[in-house]
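**Q** quick one: sequence and predicted model below, then my questions.
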Amino acid sequence: MHDKLLYIETFGCQMNVNDSERIVSLLADCGYVSTGDPSVADMILLNTCSVRGGAEEKVYNRLANLRIYKRDGKKQIIAVGGCVAQQEGEELLRRLPYVDLVVGTHNLHLLQEMVQSAERGERRSETAFIDKEQRLDLFPSIKGESRLSRFVTVMQGCDNFCSYCIVPYVRGREISRRSSDILEEVRQLADDGVREVILLGQNVNSYGLKGESDFSFAELLCRVAVIDGIERIRFTTSHPKDMSDELISCFGDIAKLSGHIHLPAQSGSDFVLKQMGRGYTRQSYLEKITKLRSVRPEIVVTGDIIVGFPGESDVDFELTLSLMEEVRYIDIFSFVYSPRPGTKAAALNDDVSREVKKSRLDRLMALQRQHTREISQEMIDSVMSVLVEGEGKLPGQVSGKANNGRIVNFPGDVSLIGSFVDVKISKAYPNSFLGER
Ligand code: 5AD
Ligand code: SF4
């Protein structure tokens, strides 16, 4: 029997990227191998995101486009996973007769049997939130092909309920994994040749705060750092309110910790931050950045910003621009506010017009482009330690990530893959650097 072919598309955050890796591995056990061509696939799976408005419609449209491959009675399974699946559930089966299975964010453990029933022609949706012990069983990262950099889930879910955000509703309550399990997994990965781990969670720096772990996130980092073979540690995502002094000091004390932090501010206005329910002020956010830079002067900062939150005035928006001037992010993800069903902010009057939202976004993005350019230029002639992960953009080049998370291409042989190389930066592009050994 020939292998069955799986075509998978992933939307949204790194959680979803990680879940997609898990899905590919689970389905490999059911006889599926990946293909990049949906027209030949035996199964099409969309791993979806619902963080921003229009996400559901995007999924419906994408499914409508992909269903053409199922015509002529061809036996093809169409599956939907991720946050839109969690949110819409049975509704997807009702609205779209060609969808076969809907698997929610807590239900990947059922995927294999769901696929088997789909192969027998049954349609099914599973979106129940499961209990804590069952959830913990789902955390271990999958046995994949050996790679140099791997995600390790340390926590999942979110209890913050920022007023605009749907994540707590579609990903469920916050839960931290047992530290002993995390450390055992990292040791195993190191034995398998992994050099870099990315500790993953919706809110990693609230790891263990609910009393499920005897360690804080900072202590966890210290323990991961002493594992032989692991040369670099990154983590994402952090919440500014949980960025403790203890964690900040890790950037001074742990050489293996990457010189990059993603610390979403969302806004530079205290009024808007309050409306968002973020639990910090502009001042306290900036203090954390200052402290981070005092222990690790070369740290690069990225962030997320929302423009056009209900009630955001011109003055509030100017405060966001001035926050950006003070922080000098190397890059940001910027979003236009969109109300999400069931969130607190959805009840507020979405009073910033579309035109104003758009023009604020344009101004913010222009400022960011300028900052990215300036900061990148300043890095020319500096030397970065690059973990070489693969071939570069051009023939004869290899490519990898610097300690600060930026992509660096440089002339070199593929035999360098897997090693750390000091590279002198010669040229800066918007999303990468060119350098030489
Ligand atoms: N509208 C716009 N942006 C949003 N984000 C989350 N919810 C919304 C929303 N309703 C953004 C935030 C978050 C990122 C993942 O998505 O900036 O940090
Ligand atoms: Fe959403 Fe706020 Fe939780 Fe981040 S911290 S996932 S923005 S509710």
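**A** Yep, it's here. Ligands and ions are numbered 1, 2, ... in the order given.
**Q** how about stretch 382-396 as CSV, C-alpha atoms only?
**A** Taking Å, rounded to 0.1, in the frame of the first residue of the first chain, the C-alpha atoms of stretch 382-396 are listed here in CSV:
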residue,chain,number,x,y,z
SER,A,382,29.8,43.5,15.0
VAL,A,383,30.5,39.8,15.5
MET,A,384,27.6,37.5,16.1
SER,A,385,27.7,33.8,17.2
VAL,A,386,25.6,32.0,14.6
LEU,A,387,24.1,28.5,15.0
VAL,A,388,24.4,27.2,11.4
GLU,A,389,21.1,25.5,10.6
GLY,A,390,21.1,25.0,6.8
GLU,A,391,22.1,26.2,3.4
GLY,A,392,21.8,30.0,2.8
LYS,A,393,19.9,32.0,0.3
LEU,A,394,22.5,31.9,-2.4
PRO,A,395,24.7,29.0,-3.5
GLY,A,396,27.8,28.6,-1.4
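**Q** who does the nearest residue in space to residue 396 that is not next to it in sequence form a beta bridge with?
**A** Spatially, and ignoring its direct neighbours in sequence, residue 396 is nearest to residue 411 (5.6 Å; CB to CB, 6 or more residues apart in numbering). Any C-beta I mention is one placed from the backbone N, CA and C, and that applies to glycine too. Counting by DSSP bridges, residue 411 forms beta bridges with residue 397.
**Q** and the gap between residue 411 and ligand 2?
**A** From residue 411 across to ligand 2, the span is 41 Å (CB to the nearest ligand atom, to the nearest Å).
**Q** burial of that residue, as a residue count?
**A** Per other CB atoms under 10 Å, the neighbour tally for residue 411 reads 14.
**Q** can you check residue 181 too?
**A** Neighbour count of residue 181, defined by other CB under 10 Å: 15.
**Q** name the helices or strands packed onto the helix or strand hosting it?
**A** Under the criterion DSSP states H and E, the helix or strand holding residue 181 is helix 179-191. Packing contacts for helix 179-191, counted by 3 or more CB pairs under 8 Å, 6 or more residues apart in numbering; DSSP states H and E, involve strand 149-153, strand 196-200, helix 217-225.
**Q** check contacts around residue 58.
**A** residue 11 (CB atoms under 8 Å, 6 or more residues apart in numbering).
**Q** quick one on the thing from earlier: and the helix holding residue 181, what's buried?
**A** Buried residues in helix 179-191, counted by 16 or more other CB atoms under 10 Å: 179, 182-183, 185-186, 189-190.
**Q** lowest average confidence, helix or strand, in this protein?
**A** Among the helices and strands of the chain, helix 132-136 carries the lowest confidence by mean pLDDT, DSSP states H and E, at a mean of 75.
**Q** and it, what does it pack onto?
**A** When contacts are defined as 3+ CB pairs under 8 Å, 6+ apart, helix 132-136 sits against strand 175-176.
**Q** just checking: what are the partner strands of the strand it packs on?
**A** Strand 175-176 has these partner strands in its sheet, going by DSSP bridges: strand 155-156 (antiparallel).
**Q** run through who's touching the partner strand.
**A** For strand 155-156, the external contacting residues (CB under 8 Å, 6+ apart) are 15, 135, 139, 171-172, 174-177, 201-204, 206-207.
**Q** touching ligand 1 at all, the helix or strand that that strand is followed by?
**A** Downstream of strand 155-156, the next assigned helix or strand under DSSP H and E is helix 167-171. No: using CB under 6 Å from any ligand atom, helix 167-171 stays clear of ligand 1, with a minimum separation of 7.3 Å.
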